[in-house]
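S.K.: predicted structure and sequence below. I'll ask about it afterward.
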Amino acid sequence: MRHRGAITVGLVLCIVVSSCWGLLNSTEQTDALILLYESLQGEHWKRSDNWKNGEDPCFPGATWYGLYSSNGGPCSIEVAKIILSNNNLTGELPDIFEVFPSLTEVNMGNANPINPLPEKVVFGIEGDLPPSLFAPQMEVLNLESNFLSGNLSPAISNASSLITLNIGYNFMEGVVPSSLGQLNKLRVLVLCPNNFFGELPSFILEFSELQVLDVGGCRFEGELPLGLANLSHLNEVQVGYNKFVGPIPPLSTLAFAGFQGNRFQGTLPSELFHSGLLTLRANNNKLNGTLPSEIGLARKLTELLLFQNKLTGTLPHEMGQLSSLLKLELQFNKFDGALGDFMCEWKNIRSRLFLSDNKFTGELPSCLSTLTRIRRFDVSLNSLSGQIPTFEDWHDVIAIYLQANSFSGTIPETLTSSKLQYLQLHYNQLEGTIPSYLNDLTSMEILYLHNNNLTGRIPDVCDINLVTFYDNAGLWCPLPPCCSEEKCRATEQICCQGECINVTLP
(Lines give C-alpha, C1' and ligand atoms only; values in the text may rest on other atoms or scores of the structure.)
Protein backbone atom coordinates (compact mmCIF):
# COMPACT_ATOMS: atom_id res chain seq x y z
CA MET A 1 0.00 0.00 0.00
CA ARG A 2 2.82 2.39 0.92
CA HIS A 3 4.59 1.68 -2.38
CA ARG A 4 1.36 2.18 -4.40
CA GLY A 5 0.74 5.55 -2.66
CA ALA A 6 4.21 6.77 -3.55
CA ILE A 7 3.60 5.97 -7.18
CA THR A 8 0.29 7.82 -7.08
CA VAL A 9 1.87 10.96 -5.54
CA GLY A 10 4.68 10.82 -8.05
CA LEU A 11 2.30 10.65 -10.95
CA VAL A 12 0.27 13.60 -9.68
CA LEU A 13 3.41 15.70 -9.19
CA CYS A 14 4.66 14.67 -12.59
CA ILE A 15 1.46 15.74 -14.31
CA VAL A 16 1.52 19.13 -12.54
CA VAL A 17 5.22 19.89 -13.00
CA SER A 18 6.06 18.30 -16.32
CA SER A 19 4.68 16.23 -19.16
CA CYS A 20 5.70 12.86 -17.65
CA TRP A 21 7.24 11.97 -21.00
CA GLY A 22 9.86 9.75 -19.47
CA LEU A 23 7.39 7.92 -17.25
CA LEU A 24 5.35 7.07 -20.33
CA ASN A 25 8.41 5.53 -21.97
CA SER A 26 8.03 7.79 -25.06
CA THR A 27 11.59 7.74 -26.32
CA GLU A 28 10.45 6.01 -29.49
CA GLN A 29 7.84 8.74 -30.02
CA THR A 30 10.55 11.39 -29.75
CA ASP A 31 12.71 9.44 -32.17
CA ALA A 32 9.75 9.09 -34.55
CA LEU A 33 9.12 12.83 -34.51
CA ILE A 34 12.79 13.55 -35.17
CA LEU A 35 12.63 11.17 -38.14
CA LEU A 36 9.52 13.01 -39.36
CA TYR A 37 11.36 16.33 -39.08
CA GLU A 38 14.38 15.07 -40.98
CA SER A 39 12.37 13.21 -43.65
CA LEU A 40 10.28 16.31 -44.42
CA GLN A 41 13.24 18.74 -44.38
CA GLY A 42 12.28 20.47 -41.17
CA GLU A 43 15.05 23.02 -41.56
CA HIS A 44 12.99 24.56 -44.39
CA TRP A 45 9.65 24.62 -42.59
CA LYS A 46 7.92 27.94 -42.10
CA ARG A 47 7.66 27.14 -38.41
CA SER A 48 9.60 24.57 -36.46
CA ASP A 49 9.44 26.09 -32.99
CA ASN A 50 11.28 23.93 -30.42
CA TRP A 51 11.69 20.93 -32.73
CA LYS A 52 14.69 18.82 -31.67
CA ASN A 53 15.12 21.18 -28.73
CA GLY A 54 15.13 18.94 -25.69
CA GLU A 55 14.05 15.35 -25.23
CA ASP A 56 10.39 16.07 -24.45
CA PRO A 57 8.31 17.32 -27.42
CA CYS A 58 5.45 18.13 -25.03
CA PHE A 59 7.44 19.87 -22.30
CA PRO A 60 5.29 22.70 -20.86
CA GLY A 61 6.21 26.03 -22.42
CA ALA A 62 8.47 24.40 -25.00
CA THR A 63 6.07 22.18 -26.97
CA TRP A 64 7.25 21.36 -30.45
CA TYR A 65 5.23 23.34 -33.01
CA GLY A 66 2.21 21.52 -34.42
CA LEU A 67 1.79 18.94 -31.65
CA TYR A 68 -1.51 19.09 -29.82
CA SER A 69 -3.54 17.26 -27.21
CA SER A 70 -7.06 15.99 -27.76
CA ASN A 71 -8.58 19.23 -26.43
CA GLY A 72 -6.81 21.32 -29.05
CA GLY A 73 -4.19 22.82 -26.76
CA PRO A 74 -0.44 22.10 -26.83
CA CYS A 75 0.27 18.45 -26.15
CA SER A 76 0.79 17.71 -22.46
CA ILE A 77 1.09 13.97 -21.93
CA GLU A 78 0.69 12.39 -25.36
CA VAL A 79 0.47 13.60 -28.93
CA ALA A 80 -3.13 13.46 -30.15
CA LYS A 81 -2.80 15.73 -33.19
CA ILE A 82 -0.01 16.58 -35.62
CA ILE A 83 -1.00 19.73 -37.48
CA LEU A 84 1.68 21.02 -39.85
CA SER A 85 -0.48 22.31 -42.70
CA ASN A 86 0.88 24.99 -45.05
CA ASN A 87 4.33 24.57 -43.50
CA ASN A 88 6.60 23.84 -46.50
CA LEU A 89 6.87 20.11 -45.81
CA THR A 90 8.93 18.34 -48.47
CA GLY A 91 9.87 14.68 -48.87
CA GLU A 92 8.33 11.30 -48.16
CA LEU A 93 6.33 10.50 -45.04
CA PRO A 94 8.13 7.95 -42.86
CA ASP A 95 6.10 5.00 -41.62
CA ILE A 96 6.24 6.02 -37.94
CA PHE A 97 2.68 6.63 -36.83
CA GLU A 98 2.09 3.30 -35.09
CA VAL A 99 4.05 4.56 -32.05
CA PHE A 100 1.37 7.20 -31.33
CA PRO A 101 -1.53 5.24 -29.81
CA SER A 102 -3.49 8.44 -29.03
CA LEU A 103 -2.99 10.09 -32.43
CA THR A 104 -6.39 11.01 -33.93
CA GLU A 105 -5.51 13.73 -36.45
CA VAL A 106 -2.77 14.30 -39.02
CA ASN A 107 -3.07 17.49 -41.03
CA MET A 108 -0.26 18.17 -43.48
CA GLY A 109 -2.31 19.69 -46.29
CA ASN A 110 -1.42 22.71 -48.36
CA ALA A 111 -4.86 24.12 -49.03
CA ASN A 112 -4.70 27.37 -50.96
CA PRO A 113 -8.03 29.25 -51.05
CA ILE A 114 -7.06 31.12 -54.23
CA ASN A 115 -5.54 28.41 -56.40
CA PRO A 116 -5.01 25.02 -54.76
CA LEU A 117 -3.59 23.32 -57.84
CA PRO A 118 -0.62 21.02 -57.07
CA GLU A 119 1.56 22.64 -59.74
CA LYS A 120 1.32 25.88 -57.78
CA VAL A 121 2.68 24.21 -54.65
CA VAL A 122 6.43 24.73 -54.31
CA PHE A 123 6.72 22.38 -51.36
CA GLY A 124 4.89 19.12 -50.88
CA ILE A 125 4.91 15.58 -49.52
CA GLU A 126 5.57 12.93 -52.14
CA GLY A 127 5.47 9.18 -52.50
CA ASP A 128 2.96 6.68 -51.09
CA LEU A 129 0.90 7.05 -47.96
CA PRO A 130 2.49 4.91 -45.19
CA PRO A 131 0.15 2.17 -43.88
CA SER A 132 0.63 3.26 -40.26
CA LEU A 133 -1.40 6.40 -40.99
CA PHE A 134 -4.47 4.19 -41.13
CA ALA A 135 -4.70 3.47 -37.42
CA PRO A 136 -7.97 2.40 -35.73
CA GLN A 137 -8.13 5.54 -33.58
CA MET A 138 -7.43 7.98 -36.47
CA GLU A 139 -10.30 10.41 -37.07
CA VAL A 140 -8.91 13.09 -39.42
CA LEU A 141 -6.44 12.72 -42.29
CA ASN A 142 -5.77 15.80 -44.41
CA LEU A 143 -2.98 15.63 -46.98
CA GLU A 144 -4.53 17.89 -49.60
CA SER A 145 -2.41 19.62 -52.26
CA ASN A 146 0.81 17.65 -52.09
CA PHE A 147 2.62 15.37 -54.53
CA LEU A 148 1.40 12.02 -53.25
CA SER A 149 1.39 9.19 -55.76
CA GLY A 150 0.61 5.50 -56.01
CA ASN A 151 -2.59 3.67 -55.14
CA LEU A 152 -4.77 4.16 -52.10
CA SER A 153 -3.77 1.25 -49.87
CA PRO A 154 -6.38 -1.39 -48.91
CA ALA A 155 -5.04 -0.84 -45.38
CA ILE A 156 -7.33 2.21 -45.29
CA SER A 157 -9.94 -0.12 -43.82
CA ASN A 158 -7.95 -0.21 -40.56
CA ALA A 159 -8.88 3.43 -39.91
CA SER A 160 -12.31 2.43 -38.65
CA SER A 161 -12.81 5.69 -36.71
CA LEU A 162 -12.04 7.96 -39.66
CA ILE A 163 -14.43 10.92 -39.99
CA THR A 164 -12.52 13.08 -42.47
CA LEU A 165 -10.35 11.86 -45.35
CA ASN A 166 -8.95 14.57 -47.63
CA ILE A 167 -6.35 13.51 -50.20
CA GLY A 168 -7.44 15.82 -53.01
CA TYR A 169 -5.07 17.67 -55.34
CA ASN A 170 -2.43 14.97 -55.48
CA PHE A 171 -1.23 12.49 -58.11
CA MET A 172 -2.62 9.25 -56.76
CA GLU A 173 -4.05 6.72 -59.20
CA GLY A 174 -5.84 3.45 -59.69
CA VAL A 175 -9.22 2.14 -58.63
CA VAL A 176 -10.59 3.15 -55.25
CA PRO A 177 -10.19 0.05 -53.06
CA SER A 178 -13.34 -1.67 -51.82
CA SER A 179 -11.88 -1.62 -48.31
CA LEU A 180 -12.68 2.10 -48.16
CA GLY A 181 -16.31 1.02 -47.90
CA GLN A 182 -15.72 -0.17 -44.33
CA LEU A 183 -15.27 3.40 -43.09
CA ASN A 184 -18.92 3.90 -42.22
CA LYS A 185 -18.24 6.86 -39.92
CA LEU A 186 -17.02 9.12 -42.73
CA ARG A 187 -18.53 12.57 -42.87
CA VAL A 188 -16.05 14.24 -45.24
CA LEU A 189 -14.61 12.33 -48.20
CA VAL A 190 -12.34 14.23 -50.61
CA LEU A 191 -10.65 11.94 -53.12
CA CYS A 192 -9.95 14.29 -56.01
CA PRO A 193 -8.39 15.82 -58.01
CA ASN A 194 -6.25 12.73 -58.52
CA ASN A 195 -6.01 10.08 -61.22
CA PHE A 196 -8.50 7.62 -59.75
CA PHE A 197 -10.65 5.97 -62.41
CA GLY A 198 -13.51 3.55 -62.87
CA GLU A 199 -17.07 3.89 -61.63
CA LEU A 200 -17.89 5.68 -58.43
CA PRO A 201 -18.03 2.89 -55.82
CA SER A 202 -21.55 2.02 -54.76
CA PHE A 203 -20.41 1.52 -51.17
CA ILE A 204 -20.56 5.30 -50.78
CA LEU A 205 -24.30 4.80 -50.39
CA GLU A 206 -23.54 3.09 -47.07
CA PHE A 207 -21.93 6.21 -45.61
CA SER A 208 -25.06 7.33 -43.81
CA GLU A 209 -23.26 10.19 -42.00
CA LEU A 210 -21.61 11.61 -45.12
CA GLN A 211 -21.83 15.39 -45.41
CA VAL A 212 -19.21 16.23 -48.07
CA LEU A 213 -18.42 14.14 -51.14
CA ASP A 214 -15.73 15.57 -53.42
CA VAL A 215 -14.59 13.45 -56.35
CA GLY A 216 -14.26 16.32 -58.81
CA GLY A 217 -11.31 16.28 -61.18
CA CYS A 218 -10.57 12.56 -61.42
CA ARG A 219 -11.34 10.10 -64.21
CA PHE A 220 -14.51 8.50 -62.92
CA GLU A 221 -17.14 7.38 -65.40
CA GLY A 222 -20.55 5.77 -65.55
CA GLU A 223 -23.68 7.03 -63.81
CA LEU A 224 -23.94 8.61 -60.40
CA PRO A 225 -25.90 6.31 -58.08
CA LEU A 226 -29.40 7.72 -57.73
CA GLY A 227 -29.28 6.44 -54.15
CA LEU A 228 -27.11 9.44 -53.25
CA ALA A 229 -30.41 11.22 -52.76
CA ASN A 230 -31.04 9.00 -49.73
CA LEU A 231 -28.00 10.31 -47.85
CA SER A 232 -29.89 12.80 -45.74
CA HIS A 233 -26.84 14.58 -44.31
CA LEU A 234 -25.23 15.44 -47.65
CA ASN A 235 -24.45 19.14 -47.77
CA GLU A 236 -21.88 19.29 -50.56
CA VAL A 237 -21.34 17.16 -53.66
CA GLN A 238 -18.52 17.94 -56.09
CA VAL A 239 -18.27 15.56 -59.05
CA GLY A 240 -17.13 18.01 -61.73
CA TYR A 241 -14.69 17.28 -64.53
CA ASN A 242 -15.06 13.53 -64.79
CA LYS A 243 -16.84 11.43 -67.41
CA PHE A 244 -20.14 10.84 -65.66
CA VAL A 245 -23.20 10.24 -67.82
CA GLY A 246 -26.92 9.79 -67.26
CA PRO A 247 -29.16 11.87 -65.03
CA ILE A 248 -28.20 14.04 -62.09
CA PRO A 249 -29.63 12.44 -58.92
CA PRO A 250 -32.52 14.32 -57.23
CA LEU A 251 -30.43 15.59 -54.33
CA SER A 252 -32.57 17.72 -52.04
CA THR A 253 -30.21 18.65 -49.18
CA LEU A 254 -27.25 20.29 -50.92
CA ALA A 255 -25.87 23.73 -50.22
CA PHE A 256 -22.99 23.30 -52.68
CA ALA A 257 -23.51 21.31 -55.88
CA GLY A 258 -20.85 20.83 -58.56
CA PHE A 259 -21.72 18.72 -61.61
CA GLN A 260 -19.80 20.70 -64.25
CA GLY A 261 -17.64 19.28 -67.01
CA ASN A 262 -19.27 15.86 -67.42
CA ARG A 263 -21.76 14.34 -69.84
CA PHE A 264 -24.88 14.45 -67.74
CA GLN A 265 -28.13 14.24 -69.68
CA GLY A 266 -31.77 14.88 -68.99
CA THR A 267 -33.35 17.74 -67.11
CA LEU A 268 -32.23 19.52 -63.97
CA PRO A 269 -33.98 17.84 -61.02
CA SER A 270 -36.39 20.22 -59.33
CA GLU A 271 -35.28 18.77 -55.98
CA LEU A 272 -31.97 20.60 -56.29
CA PHE A 273 -33.71 23.92 -55.77
CA HIS A 274 -34.56 24.41 -52.13
CA SER A 275 -34.08 27.11 -49.54
CA GLY A 276 -30.60 25.94 -48.51
CA LEU A 277 -28.95 25.84 -51.95
CA LEU A 278 -26.05 28.31 -52.24
CA THR A 279 -24.16 27.34 -55.40
CA LEU A 280 -25.02 25.18 -58.40
CA ARG A 281 -22.53 24.47 -61.16
CA ALA A 282 -23.79 22.20 -63.92
CA ASN A 283 -22.14 23.85 -66.91
CA ASN A 284 -20.51 21.95 -69.78
CA ASN A 285 -22.86 18.97 -69.88
CA LYS A 286 -25.63 17.75 -72.17
CA LEU A 287 -28.60 18.80 -70.07
CA ASN A 288 -31.82 19.62 -71.87
CA GLY A 289 -35.35 20.68 -71.13
CA THR A 290 -36.54 23.79 -69.32
CA LEU A 291 -35.62 25.27 -65.97
CA PRO A 292 -38.10 24.13 -63.29
CA SER A 293 -40.33 26.72 -61.64
CA GLU A 294 -39.02 25.44 -58.29
CA ILE A 295 -35.86 27.41 -59.02
CA GLY A 296 -37.48 30.31 -57.18
CA LEU A 297 -37.28 28.38 -53.91
CA ALA A 298 -33.48 28.77 -53.84
CA ARG A 299 -33.58 32.31 -52.51
CA LYS A 300 -30.09 32.06 -50.98
CA LEU A 301 -28.53 30.95 -54.27
CA THR A 302 -25.44 33.05 -55.02
CA GLU A 303 -23.96 31.28 -58.04
CA LEU A 304 -25.79 29.56 -60.89
CA LEU A 305 -23.65 28.23 -63.75
CA LEU A 306 -25.53 26.34 -66.46
CA PHE A 307 -23.66 27.41 -69.59
CA GLN A 308 -22.75 25.09 -72.45
CA ASN A 309 -25.77 22.79 -72.30
CA LYS A 310 -28.89 22.25 -74.42
CA LEU A 311 -31.41 23.91 -72.14
CA THR A 312 -34.49 25.38 -73.80
CA GLY A 313 -37.59 27.46 -73.16
CA THR A 314 -38.09 30.82 -71.51
CA LEU A 315 -36.55 31.79 -68.22
CA PRO A 316 -39.20 31.20 -65.55
CA HIS A 317 -40.40 34.37 -63.84
CA GLU A 318 -39.73 32.65 -60.51
CA MET A 319 -36.07 33.47 -61.13
CA GLY A 320 -36.93 36.96 -59.93
CA GLN A 321 -36.90 35.52 -56.41
CA LEU A 322 -33.15 34.82 -56.66
CA SER A 323 -32.24 38.14 -55.10
CA SER A 324 -29.01 36.78 -53.59
CA LEU A 325 -27.40 35.97 -56.96
CA LEU A 326 -23.82 37.16 -57.37
CA LYS A 327 -23.05 35.32 -60.61
CA LEU A 328 -25.33 33.95 -63.35
CA GLU A 329 -24.04 32.24 -66.50
CA LEU A 330 -26.53 30.75 -68.96
CA GLN A 331 -24.63 31.29 -72.21
CA PHE A 332 -24.41 28.72 -75.02
CA ASN A 333 -27.84 27.17 -74.57
CA LYS A 334 -31.10 27.36 -76.51
CA PHE A 335 -33.17 29.59 -74.24
CA ASP A 336 -35.69 31.81 -76.04
CA GLY A 337 -38.36 34.38 -75.42
CA ALA A 338 -38.16 37.78 -73.80
CA LEU A 339 -36.00 38.75 -70.86
CA GLY A 340 -38.47 39.88 -68.22
CA ASP A 341 -38.29 42.63 -65.64
CA PHE A 342 -37.67 39.94 -63.01
CA MET A 343 -33.99 40.31 -63.95
CA CYS A 344 -34.00 43.65 -62.16
CA GLU A 345 -34.41 41.83 -58.84
CA TRP A 346 -30.84 40.54 -59.17
CA LYS A 347 -29.41 43.64 -57.55
CA ASN A 348 -26.55 41.77 -55.90
CA ILE A 349 -25.05 40.46 -59.14
CA ARG A 350 -21.42 41.56 -59.17
CA SER A 351 -19.11 39.47 -61.27
CA ARG A 352 -20.96 38.11 -64.31
CA LEU A 353 -24.36 38.18 -65.94
CA PHE A 354 -23.85 36.13 -69.10
CA LEU A 355 -26.79 35.25 -71.36
CA SER A 356 -25.01 35.16 -74.72
CA ASP A 357 -25.49 32.73 -77.60
CA ASN A 358 -29.12 31.85 -76.98
CA LYS A 359 -32.33 32.79 -78.81
CA PHE A 360 -33.60 35.60 -76.62
CA THR A 361 -35.85 38.16 -78.32
CA GLY A 362 -37.45 41.50 -77.50
CA GLU A 363 -35.96 44.44 -75.68
CA LEU A 364 -33.67 44.56 -72.70
CA PRO A 365 -35.56 45.71 -69.59
CA SER A 366 -34.84 49.40 -68.98
CA CYS A 367 -34.59 48.70 -65.26
CA LEU A 368 -31.28 46.86 -65.78
CA SER A 369 -29.63 50.14 -64.86
CA THR A 370 -30.54 49.38 -61.26
CA LEU A 371 -28.05 46.48 -61.17
CA THR A 372 -25.41 48.86 -59.94
CA ARG A 373 -22.83 46.29 -58.80
CA ILE A 374 -22.47 44.47 -62.10
CA ARG A 375 -18.99 44.13 -63.60
CA ARG A 376 -19.45 42.02 -66.74
CA PHE A 377 -22.60 41.89 -68.86
CA ASP A 378 -22.96 39.74 -71.98
CA VAL A 379 -26.11 39.27 -74.08
CA SER A 380 -24.33 38.95 -77.42
CA LEU A 381 -25.39 36.55 -80.18
CA ASN A 382 -29.14 36.67 -79.55
CA SER A 383 -32.04 38.31 -81.39
CA LEU A 384 -32.57 41.23 -79.05
CA SER A 385 -33.85 44.52 -80.39
CA GLY A 386 -34.87 48.02 -79.34
CA GLN A 387 -32.71 50.68 -77.78
CA ILE A 388 -29.78 50.02 -75.51
CA PRO A 389 -30.65 50.87 -71.88
CA THR A 390 -28.82 53.80 -70.37
CA PHE A 391 -26.79 51.75 -67.86
CA GLU A 392 -26.22 55.11 -66.20
CA ASP A 393 -25.61 53.69 -62.73
CA TRP A 394 -23.19 50.96 -63.79
CA HIS A 395 -20.18 52.60 -62.16
CA ASP A 396 -18.21 49.38 -61.64
CA VAL A 397 -18.81 47.74 -65.00
CA ILE A 398 -15.70 46.45 -66.80
CA ALA A 399 -17.17 44.81 -69.90
CA ILE A 400 -20.40 45.18 -71.90
CA TYR A 401 -20.98 42.77 -74.79
CA LEU A 402 -24.07 43.52 -76.93
CA GLN A 403 -22.81 42.47 -80.37
CA ALA A 404 -24.66 40.38 -82.94
CA ASN A 405 -28.20 41.44 -82.06
CA SER A 406 -30.61 43.91 -83.67
CA PHE A 407 -30.26 46.86 -81.31
CA SER A 408 -31.24 50.19 -82.84
CA GLY A 409 -31.19 53.83 -81.83
CA THR A 410 -28.09 55.66 -80.69
CA ILE A 411 -25.18 54.78 -78.46
CA PRO A 412 -26.19 55.90 -74.96
CA GLU A 413 -24.48 59.02 -73.64
CA THR A 414 -24.34 57.45 -70.18
CA LEU A 415 -21.80 54.63 -70.59
CA THR A 416 -19.40 56.64 -68.49
CA SER A 417 -17.94 54.10 -66.05
CA SER A 418 -14.30 54.96 -65.46
CA LYS A 419 -13.64 51.22 -65.14
CA LEU A 420 -15.10 50.24 -68.54
CA GLN A 421 -12.48 48.35 -70.58
CA TYR A 422 -14.45 46.46 -73.23
CA LEU A 423 -17.46 47.79 -75.14
CA GLN A 424 -18.59 45.65 -78.07
CA LEU A 425 -21.56 46.97 -80.04
CA HIS A 426 -20.75 45.62 -83.51
CA TYR A 427 -23.20 43.84 -85.81
CA ASN A 428 -26.29 45.76 -84.75
CA GLN A 429 -28.39 48.52 -86.32
CA LEU A 430 -27.15 51.44 -84.29
CA GLU A 431 -27.30 54.90 -85.81
CA GLY A 432 -26.33 58.44 -84.97
CA THR A 433 -22.86 59.68 -84.11
CA ILE A 434 -20.10 58.10 -82.09
CA PRO A 435 -20.07 59.87 -78.69
CA SER A 436 -16.82 61.77 -78.17
CA TYR A 437 -16.80 60.97 -74.44
CA LEU A 438 -15.74 57.38 -75.19
CA ASN A 439 -12.15 58.52 -75.60
CA ASP A 440 -12.28 60.03 -72.11
CA LEU A 441 -12.86 56.64 -70.50
CA THR A 442 -9.33 56.10 -69.26
CA SER A 443 -9.63 52.33 -68.81
CA MET A 444 -11.05 51.60 -72.28
CA GLU A 445 -9.03 48.97 -74.14
CA ILE A 446 -11.34 47.73 -76.91
CA LEU A 447 -14.22 49.50 -78.67
CA TYR A 448 -15.95 47.56 -81.45
CA LEU A 449 -18.47 49.58 -83.48
CA HIS A 450 -18.26 48.00 -86.93
CA ASN A 451 -21.25 46.82 -89.00
CA ASN A 452 -23.79 49.38 -87.82
CA ASN A 453 -25.41 52.47 -89.37
CA LEU A 454 -23.37 55.09 -87.57
CA THR A 455 -22.92 58.52 -89.13
CA GLY A 456 -20.98 61.72 -88.66
CA ARG A 457 -17.35 62.42 -87.97
CA ILE A 458 -15.06 59.82 -86.44
CA PRO A 459 -14.09 61.23 -83.05
CA ASP A 460 -10.59 61.32 -81.63
CA VAL A 461 -10.17 57.85 -80.12
CA CYS A 462 -6.41 57.88 -79.83
CA ASP A 463 -6.31 56.67 -76.23
CA ILE A 464 -8.15 53.39 -76.92
CA ASN A 465 -5.97 50.44 -77.84
CA LEU A 466 -8.25 48.98 -80.50
CA VAL A 467 -11.23 50.54 -82.23
CA THR A 468 -13.22 49.12 -85.14
CA PHE A 469 -15.77 51.13 -87.11
CA TYR A 470 -15.68 49.62 -90.60
CA ASP A 471 -18.94 49.06 -92.52
CA ASN A 472 -20.59 52.20 -91.19
CA ALA A 473 -21.30 53.91 -94.49
CA GLY A 474 -22.33 57.21 -92.93
CA LEU A 475 -19.04 57.93 -91.14
CA TRP A 476 -17.03 60.69 -92.80
CA CYS A 477 -13.52 62.03 -92.85
CA PRO A 478 -11.03 63.04 -91.74
CA LEU A 479 -9.65 60.14 -89.76
CA PRO A 480 -8.30 60.93 -86.30
CA PRO A 481 -4.61 61.83 -86.69
CA CYS A 482 -3.59 58.90 -84.45
CA CYS A 483 -5.16 56.26 -86.70
CA SER A 484 -2.75 53.58 -87.87
CA GLU A 485 -3.02 50.16 -89.42
CA GLU A 486 -2.81 48.51 -86.00
CA LYS A 487 -5.00 50.85 -84.01
CA CYS A 488 -8.00 52.06 -86.02
CA ARG A 489 -9.41 49.11 -87.90
CA ALA A 490 -11.90 50.74 -90.22
CA THR A 491 -12.16 48.65 -93.39
CA GLU A 492 -9.90 46.77 -95.73
CA GLN A 493 -8.92 50.18 -97.04
CA ILE A 494 -10.26 53.43 -95.67
CA CYS A 495 -9.75 56.49 -97.80
CA CYS A 496 -10.35 60.08 -96.70
CA GLN A 497 -9.74 62.90 -99.18
CA GLY A 498 -7.18 60.84 -101.08
CA GLU A 499 -5.41 59.49 -97.98
CA CYS A 500 -5.76 55.71 -97.65
CA ILE A 501 -4.91 53.28 -94.85
CA ASN A 502 -4.70 49.55 -95.52
CA VAL A 503 -5.71 47.42 -92.56
CA THR A 504 -6.35 43.76 -91.78
CA LEU A 505 -9.83 42.92 -90.59
CA PRO A 506 -9.96 41.41 -87.07
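M.R.: Perfect, thanks for sending it. Numbering: from 1, shown residues only.
S.K.: mean confidence score for stretch 195-213?
M.R.: Averaging pLDDT along stretch 195-213 yields 97.
S.K.: pLDDT wise, what is Glu78 at?
M.R.: 85.
S.K.: and the closest residue in space to it that isn't next to it in sequence, what pLDDT?
M.R.: Ranked by CB to CB, 6 or more residues apart in numbering and with sequence neighbours excluded, the top spatial neighbour of Glu78 is Ser102, at 4.4 Å. All C-beta atoms are positioned from the backbone trio N, CA, C, and that covers glycine. The model reports Ser102 with a pLDDT of 94.
S.K.: Ser102 touches Ala80, doesn't it?
M.R.: Yes: the pair Ser102 / Ala80 is scored as a contact, 5.0 Å apart, by CB atoms under 8 Å.
S.K.: between the two, what contacts are shared?
M.R.: Ser70 (CB atoms under 8 Å, 6 or more residues apart in numbering).
S.K.: in a helix, that's where Thr30 is, yeah?
M.R.: Yes: under DSSP: H, G, I helix; E, B strand; the rest coil, Thr30 falls within a helix.
S.K.: how close does it sit to Tyr37?
M.R.: Thr30 sits at a distance of 11 Å from Tyr37 (criterion: CB to CB, to the nearest Å).
S.K.: with Ser385 instead?
M.R.: Distance of Ser385 to Tyr37, computed by CB to CB: 70 Å.
S.K.: same check on Lys310?
M.R.: In this view, Lys310 and Tyr37 are 56 Å apart by CB to CB.
S.K.: between these two, which one's more packed in?
M.R.: Tyr37 (19 against 13; other CB atoms under 10 Å).
S.K.: buried ones in the host helix or strand of that one, by neighbour count?
M.R.: In this assignment (DSSP states H and E), Tyr37 forms part of helix 27-39. Across helix 27-39, burial judged by 16 or more other CB atoms under 10 Å covers Gln29, Thr30, Ala32, Leu33, Ile34, Leu36, Tyr37, Ser39.
S.K.: same question for stretch 350-359.
M.R.: Within stretch 350-359, the residues scored as buried using 16+ other CB under 10 Å are Arg350, Arg352, Leu353, Phe354, Leu355, Ser356, Asp357, Asn358.
S.K.: out of those, who's nearest Ile458?
M.R.: Nearest to Ile458 among the buried residues of stretch 350-359 is Ser356, at 28.0 Å by CB to CB.
S.K.: dig out what Arg281 forms beta bridges with.
M.R.: The bridge-partner assignment for Arg281, based on DSSP bridges, gives Gly258, Leu305.
S.K.: give me the number of residues near it?
M.R.: Arg281 has 20 nearby residues by other CB under 10 Å.
S.K.: that one touches Val237, doesn't it?
M.R.: No: Arg281 lies out of contact with Val237 (CB under 8 Å); the separation is 10.7 Å.
S.K.: which neighbours do the two have in common?
M.R.: Common neighbours of Arg281 and Val237 (criterion: CB under 8 Å, 6+ apart): Ala257, Gly258, Phe259.
S.K.: buried subset of these as a ChimeraX selection?
M.R.: A single ChimeraX command selects the buried members of the shared contacts of Arg281 and Val237 (16+ other CB under 10 Å):
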select :257,258,259
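S.K.: and of the shared contacts of Arg281 and Val237, the nearest to Asp336?
M.R.: Using CB to CB, Phe259 is the member of these that lies nearest Asp336, at 23.9 Å.
S.K.: find the nearest non-adjacent residue to the closest one, please.
M.R.: Take Phe259 and drop its neighbours on the chain: the residue closest to it by CB to CB, 6+ apart is Ala282, 4.4 Å away.
S.K.: now swap in Gly276 and tell me
M.R.: Taking CB to CB, 6+ apart, and ignoring the residues beside it in sequence, Gly276 has Ala255 as its nearest neighbour in space, at 5.3 Å.
S.K.: quick one: residues contacting the one you found.
M.R.: Neighbour list for Ala255: Asn235, Glu236, Gly276, Leu277, Leu278, Thr279 [criterion: CB under 8 Å, 6+ apart].
S.K.: so which of those would you say is closest to Glu92?
M.R.: Nearest to Glu92, judged by CB to CB, of the contacts of Ala255 is Glu236 at 31.2 Å.
S.K.: list the contacts for the closest one?
M.R.: Glu236 makes contacts with Gln211, Val212, Leu213, Asp214, Leu254, Ala255, Phe256, Ala257, as judged by CB under 8 Å, 6+ apart.
S.K.: who's it bridged to?
M.R.: Beta-bridge partners of Glu236, counted by DSSP bridges, are Val212, Phe256.
S.K.: in the stretch 401-506 of the chain, which spans are helices?
M.R.: Using DSSP state H, counting those that start in this stretch, the stretch 401-506 of the chain contains no helices.
S.K.: which stretches of it have low pLDDT?
M.R.: 477-506 (pLDDT under 70).
S.K.: do the stretch 101-250 of the chain as well
M.R.: Along the stretch 101-250 of the chain, the model assigns pLDDT under 70 to residues 112-121.
S.K.: now the strands for it?
M.R.: 105-107, 125-127, 140-142, 147-150, 164-166, 171-175, 188-190, 195-199, 212-214, 219-223, 236-238, 243-246 (DSSP state E, counting those that start in this stretch).
S.K.: Lys327 is nearest to which of those?
M.R.: The closest of those to Lys327 is strand 236-238. By CB to CB, the value is 17.2 Å.
S.K.: now that closest one, how far from the centre of its chain.
M.R.: Its chain's C-alpha centre and that of strand 236-238 lie 12 Å apart, by CA atoms, centre = their mean, to the nearest Å.
S.K.: that older thread, tell me which residues touch the residue nearest to Glu78, please.
M.R.: Contacts for Ser102 (CB under 8 Å, 6+ apart) come out as Ser70, Glu78, Val79, Ala80, Gln137.
S.K.: and the residue nearest to Gly246 when sequence neighbours are not counted, how many neighbours?
M.R.: Closest residue in space to Gly246, ignoring its immediate chain neighbours: Glu223 at 3.6 Å, by CB to CB, 6+ apart. For Glu223, the neighbour count with other CB under 10 Å is 15.
S.K.: for Glu223, give its distance to Glu329.
M.R.: According to CB to CB, Glu223 stands 26 Å off from Glu329.
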